[in-house]
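**Q** Here's a sequence, model it:
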Amino acid sequence: MTKNKPLNIYFFFIIMSVFPLVDFLNGLFISFNVPLPLGTAYRFFCFIYLVVCILHAGLKKKLFTR
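**A** Sure thing, here's the model as predicted:
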């Protein structure tokens, strides 16, 4: 009785589950004084991905989206 979830849902779960690893690596690079904006780039990618998914799916006309 399970439905197949769209691929973007699985991709979302994957990028969110990688989040602690990226935070760990970002902290490691910061502690070694390596100026690599890994955490910022990852968060920017997540934000853009979420915006694109929302725009692709569209917003249904509800009370808040009139």
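**Q** hey, where'd the helices end up in the chain?
**A** 7-17, 19-31, 38-57 (DSSP state H).
**Q** who touches the shortest one?
**A** Meaning helix 7-17. F45, C46, Y49, C53 (Cβ atoms under 8 Å, 6 or more residues apart in numbering). Every residue, glycine included, has its C-beta placed from N, CA and C.
**Q** ok, the residue most central in space within the chain to S31 distance?
**A** By Cα atoms, centre = their mean, the chain has its centre lying nearest to C46, at 2.8 Å. Look at C46 and S31: by Cβ to Cβ, to the nearest Å, they are 23 Å apart.
**Q** cool, L38 as well?
**A** For L38, the distance to S31 - Cβ to Cβ - is 13 Å.
**Q** Which one's more surrounded, these two?
**A** Neighbour comparison, L38 and S31: the larger count goes to L38, with 16 against 8 (by other Cβ atoms under 10 Å).
**Q** Could you check the pLDDT of I15?
**A** The pLDDT attached to I15 in the predicted structure is 92.
**Q** what's around it, how many residues?
**A** I15, neighbours per other Cβ under 10 Å, totals 15.
**Q** How about the one 10 residues further on?
**A** When counting by other Cβ under 10 Å, one arrives at 14 neighbours for L25.
**Q** what pLDDT does it get?
**A** 92.
**Q** That one and L38 touch, don't they?
**A** Yes. Using Cβ atoms under 8 Å, L25 is in contact with L38, at 5.9 Å.
**Q** What are the buried residues along stretch 41-57?
**A** Y42, C46 (16 or more other Cβ atoms under 10 Å).
**Q** could you check the distance from H56 over to F47?
**A** For H56 relative to F47 (Cβ to Cβ), the value is 15 Å.
**Q** ugh, typo on my part, it should be L28
**A** As judged by Cβ to Cβ, L28 and F47 stand 23 Å apart.
**Q** Equivalent analysis for V22, please.
**A** For V22, the distance to F47 - Cβ to Cβ - is 14 Å.
**Q** what's the burial count for N26?
**A** N26, neighbours per other Cβ under 10 Å, totals 19.
**Q** Nothing else from me, thank you.
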